[in-house]
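Trainee: Take a look and give me a structure for this.
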Amino acid sequence: MSKLHELTAKQIVEKIRDKEITAEECVSSIFERISEVEDKVHAFITLVENEALKKARQIDEKVLKGESLGRLAGVPIAVKDNICTKGIRTTCSSRMLENFVPPYNATVIETAKKEDAIIIGKTNMDSYAMGSTTETSDFGPTYNPWNINYVPGGSSGGSVTAIMAGEATLALGSDTGGSVRCPASFCAAVGIKPTFGLVSRYGLIAYANSLEQIGPITRDVYDCALLLSIIAGHDPRDSTSINVPKKNYTRLLVNNVTNLKIGVPKEFFEEGVNKVVSQTVWDGVKKLVELGALYEETSLPSLEYALPAYYLIAMSEASSNLARYDGIRYGYRIDEEGLNWSETFSKSRRIGFGSEVKRRIILGTFALSAGYYDRYYLKALKVRTIIKREFEEAFKKYDVLIGPTMPTPPFKIGEKIEDPLSLYLCDILTVPINLAGLPAISIPCGFTDDLPIGMQIIGKHLDKSIILRVAYTFERNTDFHKQKPNL
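Mentor: Next comes the predicted model:
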C-alpha cells in the first residue's frame, strides 16, 4: 500500500469502484506519506486525519452496499488555508486568524464533498495570499520538494508542494496574480487559473475581489480538468459568478493540435526573463509545432504597464477588504487593559498582520486616499481596460497565447524576501491574465539544475477547451509530468 499516494485521482476512483483498493487504504497511505516528508517540506498548517478516515470508511460502506459514488470518491484533497472549511481552522497563514474556525463551507468545498472527495487538511500559503514564495506565512515557510533549499512559489505554495510531495492527490489554490500558476511552475505541477467568475468565490477569504479565482492544482492535466469540472458553475451567493452551463472538461482532452494557431507575445521574453527559461519555453512551442500547430510572434505593447496597474488595484482592494480585521469584532486582539477603541484597533493590527500585509494595506490606502484616487487607482483601472482589449484583439487571430509562467527558475529561500520590489517583479508574466480575467494553465516543460520550468498557455474568455487540449497534447507527447522529486 506504500505507493497509493502516487496514484492520480482518476486511478483512485477507478480502483475504489472496482474494489481493488479501499478509500481507507488510500487515505491511510497519504497520512503515512505525510508523516514521512512533512517535516521536510512544511506543506500543511492543519491536518484532519480522524475526520478524513471517518469519511473514507463511509465511502467504503457505499461501495459495499452498491450505492452510487461521486466523481472524486475516496480522493484525498488538500485545501489552501484561505478557503473556508466548516469546523476546520482556516487561518490565511496569519496570526490575525490563527484560531478562526468557519461556521460554513466555501462553495467549492461543498461541491467537492458532494462528489465524495476527502479533505485531509489545510495548506500553508503566503499570509492573506500576498506573496510569490510562501515565505510570508506566520507559520513559517514551505520548502520546494525538488530541493528544500528553494522556494516552492506562492501564494499557493503549500497546496502545490503537498501534491508534488505525494501528501495529497488533488489540491485547491487561489490565484489573484499568479498564485496557482507560480508554484505550479516552480514545482512541476499543473495549475489552472480559470476565467474570472467561472468558479465561485463564496467562502474564499477576500484579498482582491476583482482579480482572484479559486483554481485546481494537480499532477496531470486530466485530474486538473476533472477537478475544474466539479468546482466550476454558477453560484447565486457570489455576485461575480458567471451563469454558464456546467461542462465535463475531461471530455475535451484530445491529443491533437493540428492547425491550431499559437501567438507568442514578444513581451513575455524580454528583459528580466531568464535565458534558460526563454529557451525551454521556446522548445515547448516548437514541440507543439512538430505536433501540427502553427505559431507566430506577436506583440501586446501595453503589458509593460500590467504590473504597476495590477499592484495598484490589488493593494487598493486589499486595503478595503482587510479593514474588517479590527481586533474587536473578530480576529487577533491585543490583551491589554486600559486601551481605548483606537489603540486596541491599531495595536491588534500591528501585531496580527505580517510586514508584507501591512505594506500592501498602507500602499492601497494611499492609492485610494483623497487627491490620489484619480492619479493612481482610476488610472490603473483604465490601463486594465486597455490590456483587456489588447488580449481580445490577439484572440481574434490566435487560438492560444504561450509564454513562460515565471521569468526565472525557483530561487533560494531567503534570497529575495528582503527586497519586495524584486518579488513583485516575479509576477510580471502572470498578472496580465488576472487583469484581463482570462483562463490560463501552467504545465511543466523542462528543468534546469533539477529545478522545474513552467509553460503558460493562455486562452480566450470562458474557453477552457483549447488550453486544456494544448496542455493535454503537450503532456501526452513529453515526459516532464512523469518526473518526481526525490524526497
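Trainee: Run through the strands of the protein in chain order.
Mentor: Under the criterion DSSP state E, the chain contains strands at 44-47, 76-80, 118-123, 170-175, 190-193, 213-218, 261-265, 294-298, 400-404, 440-448, 451-458.
Trainee: Can you tell me the strand partners of the first one and which way each runs?
Mentor: This means strand 44-47. Applying DSSP bridges, strand 44-47 is found paired with strand 118-123 (antiparallel).
Trainee: Tell me what angle the partner strand forms with strand 170-175.
Mentor: 40 degrees (axes from the mean of the first three to the mean of the last three C-alpha atoms, to 10 degrees).
Trainee: out of the strands of the chain, deepest packed?
Mentor: Comparing the strands of the chain by mean neighbour count (mean count of other C-beta atoms under 10 Å), strand 190-193 comes out on top with a mean of 32. C-beta here means a position set from N, CA and C on the backbone, and glycine is covered the same way.
Trainee: What is the distance between it and the centre of its chain?
Mentor: Centre-to-centre, strand 190-193 and its host chain are 7 Å apart (C-alpha atoms, centre = their mean, to the nearest Å).
Trainee: One more: stretch 405-420?
Mentor: On the basis of C-alpha atoms, centre = their mean, stretch 405-420 sits 17 Å off its chain's mean C-alpha point.
Trainee: Show me where the stretch 151-300 of the chain dips below the pLDDT cut-off.
Mentor: Of all residues in the stretch 151-300 of the chain, none has pLDDT under 70.
Trainee: Show me where it has its helices.
Mentor: 157-164, 181-187, 221-231, 275-290 (DSSP state H, counting those that start in this stretch).
Trainee: can I get the ones you listed in TSV with mean neighbour count and distance to Ala56?
Mentor: As requested, these are exported to TSV (neighbours: other C-beta atoms under 10 Å; distance: least, C-beta to C-beta, whole Å):
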stretch	mean neighbour count	distance to Ala56
helix 157-164	36	18
helix 181-187	34	26
helix 221-231	25	18
helix 275-290	17	38
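Trainee: Serialize the ones you listed to TSV and add fields for distance to Tyr305.
Mentor: Compiled in TSV, the helices of the stretch 151-300 of the chain are given as follows (distance: least, C-beta to C-beta, whole Å):
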stretch	distance to Tyr305
helix 157-164	28
helix 181-187	20
helix 221-231	30
helix 275-290	22
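Trainee: Indicate which one of the ones you listed is closest to Tyr377.
Mentor: helix 181-187 (24.8 Å; C-beta to C-beta).
Trainee: Which elements pack onto the closest one?
Mentor: helix 157-164, strand 190-193, strand 440-448, strand 451-458 (3 or more C-beta pairs under 8 Å, 6 or more residues apart in numbering; DSSP states H and E).
Trainee: how about these in CSV, adding distance to Met406?
Mentor: Compiled in CSV, these are given as follows (distance: least, C-beta to C-beta, whole Å):
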stretch, distance to Met406
helix 157-164, 13
strand 190-193, 12
strand 440-448, 8
strand 451-458, 6
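Trainee: so who does the spatially most central residue of the chain touch?
Mentor: The chain has Val180 as the residue nearest its centroid, 2.2 Å off, counting by C-alpha atoms, centre = their mean. By C-beta atoms under 8 Å, 6 or more residues apart in numbering, the residues touching Val180 are Ser156, Gly173, Ser174, Gly191, Ile192, Lys193, Gly215, Ile217, Ser442.
Trainee: One more: Pro404?
Mentor: Ser185, Phe268, Phe269, Val273, Val277, Ser278, Val281, Leu429, Ile453, Gly454, Met455, Gln456.
Trainee: nearest spatial neighbour of the third one, skipping sequence neighbours?
Mentor: Spatially, and ignoring its direct neighbours in sequence, Phe269 is nearest to Ser278 (4.9 Å; C-beta to C-beta, 6 or more residues apart in numbering).
Trainee: related to what we said a few turns ago, nearest to Asp39, out of the helices and strands packed on helix 181-187?
Mentor: helix 157-164 (12.8 Å).
Trainee: CA atoms only: put that closest one into PDB for me.
Mentor: Only the C-alpha atoms of helix 157-164 are listed here, as PDB (Å, rounded to 0.1, in the frame of the first residue of the first chain):
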ATOM      1  CA  GLY A 157       2.900  27.000  -2.200                       C
ATOM      2  CA  GLY A 158       1.600  24.600   0.400                       C
ATOM      3  CA  SER A 159      -1.100  23.200  -2.000                       C
ATOM      4  CA  VAL A 160       1.400  22.600  -4.800                       C
ATOM      5  CA  THR A 161       4.000  21.200  -2.500                       C
ATOM      6  CA  ALA A 162       1.500  18.800  -1.000                       C
ATOM      7  CA  ILE A 163       0.700  17.500  -4.500                       C
ATOM      8  CA  MET A 164       4.200  17.000  -5.700                       C
END
